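Participant: Provided below for reference: sequence and predicted model.
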Amino acid sequence: MRKIIVGIDISKEKLNVCLLEGVNIVHEDEIENTVTSLHKWFGQMRKSLRCRMDEVLLCAEFTGRYIYPLTVACHEEEAFLWMEDPSRIKNSFGLVRGKSDPVDARRIAEYAFRHLDKAVAYKLPDKELASIRILMSSRELILSDRKKYEAQIRDQRRFMSKEDYAMQAKIWKSIVRELQRRLYDVDKRVDELVAANERASHQVELLKSVDGVGQRIAVAMVVCTDCFTRFENARQFNCYAGMAPFTYTSGKSIYSKAKVSQRANKHMKALLHLAAVCVATHMKSGEYKEYYDRRIAEGKHPMCVLNIIRAKLVSRMFAVIKRDEKYSRDYTRKYLEKNLADVVEDQIVAER
């Protein structure tokens, strides 16, 4: 039984904490967002409240990299840390006015008290996966900058003199070359880290057997799903990535067609969209190409068909991980042949 509930509001420089015992606030504090300060605060809390760490539950919003000192300190202190989705906590407040860090800490503590049965302990990811996640964030920044300067090279020729454009283009091209080198270094380091993690390396190889899934998409899937432990099935991931359609209806006056939600991991959705476009429109043949052409001929909207193909790719990726075997295009035929052989064998045994 958790005796003390601690709500924590995380910011870049500090943490605001609110301690609840039952429904009563017993202490509020402000801590520097460092591992050392948190260890010191944990010792003071245990001494002043005379409690053990197994009697304490800490709840905070998942706010990206700012959670790192808290997660490390809780792991070393063997404390129960619940990292909740910020949107769930915000929507639970109802109609509110005003906002401050101490007030947010109280609201998070209240949320944890009311939803104690939904608490899930946060686990630190593998060291290699954590490093890969950071590198992939850097990769996105590099790609964004590269696209920006490449656009300048393409678009600005008509809007300045030849001499000015030549000077500017020389600068932009040198930046693009440097960004390309840095991108190569990041990709090389990511591949090294994947190879160092046996489980991640094995899963990447399985995923690459699926049509349209290359090295980058496979690595992104492994990191996003924490080696396929965050989601129970493909349906949950499709909802997380914004590929599951939902209807919005109320009575007879409000009705809409099924649409995907904007609450999504846009990065994963974009990667899967590229994979779907590749297998549906760029490949000369294949089941995805045939399916896409057939549904377009029937009058289906292209984006709707591509969304179905994205979901199918995710289903196959989850399937190869679950079965722990590479994807086989003639799986159906082999399955039917095996079933037919089993039926024949059963008939022979029955005749005997």
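Facilitator: Noted; the coordinates are in hand.

Participant: What segments of the stretch 201-350 of the chain are strands?
Facilitator: All strands of the stretch 201-350 of the chain, identified by DSSP state E, counting those that start in this stretch, fall at 245-246, 259-260.

Participant: Strand partners (parallel or antiparallel) of the first one?
Facilitator: When sheet partners are counted by DSSP bridges, strand 245-246 sits next to strand 259-260 (antiparallel).

Participant: if we can go back for a sec, could I get the strands of the stretch 201-350 of the chain as CSV with mean neighbour count and mean pLDDT?
Facilitator: Every C-beta, even on glycine, is put in place using the N, C-alpha and C of the backbone. Below are these laid out as CSV (neighbours: other CB atoms under 10 Å; pLDDT from 0 to 100):
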stretch, mean neighbour count, mean pLDDT
strand 245-246, 13, 82
strand 259-260, 15, 80
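
Participant: Those strands into a markdown table, with extra columns for distance to Met83?
Facilitator: As requested, these are exported to a markdown table (distance: least, CB to CB, whole Å):
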| stretch | distance to Met83 |
| --- | --- |
| strand 245-246 | 26 |
| strand 259-260 | 26 |
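
Participant: which stretch among these comes nearest Arg230?
Facilitator: With distances scored as CB to CB, the stretch of those nearest to Arg230 is strand 259-260 (20.0 Å).

Participant: Mind listing residues that contact the helix or strand hosting Val103?
Facilitator: Per DSSP states H and E, Val103 falls inside helix 101-114. By CB atoms under 8 Å, 6 or more residues apart in numbering, the residues outside helix 101-114 that reach it are 5-9, 11, 14, 16-20, 23, 25, 28, 30, 57, 59-61, 82, 84, 89, 92-93, 96, 119.

Participant: what about 6 Å?
Facilitator: Ile5, Gly7, Asp9, Asn16, Val17, Cys18, Leu20, Cys59, Ile89, Ser92, Phe93 (CB atoms under 6 Å, 6 or more residues apart in numbering).

Participant: which ones among the residues you listed are found in strands?
Facilitator: Counting by DSSP state E, the part of these found in strands is Ile5, Gly7, Asp9, Asn16, Val17, Cys18, Leu20, Cys59.

Participant: Excluding chain neighbours, what is closest to the residue nearest in space to the middle of the chain?
Facilitator: With distances taken as CA atoms, centre = their mean, the residue of the chain nearest its centroid is Cys224 (4.0 Å). Distance criterion CB to CB, 6 or more residues apart in numbering; nearest residue to Cys224, sequence neighbours excluded, is Met268 at 5.6 Å.

Participant: and the one you found, how many neighbours does it have?
Facilitator: The tally of other residues near Met268 (other CB atoms under 10 Å) stands at 22.
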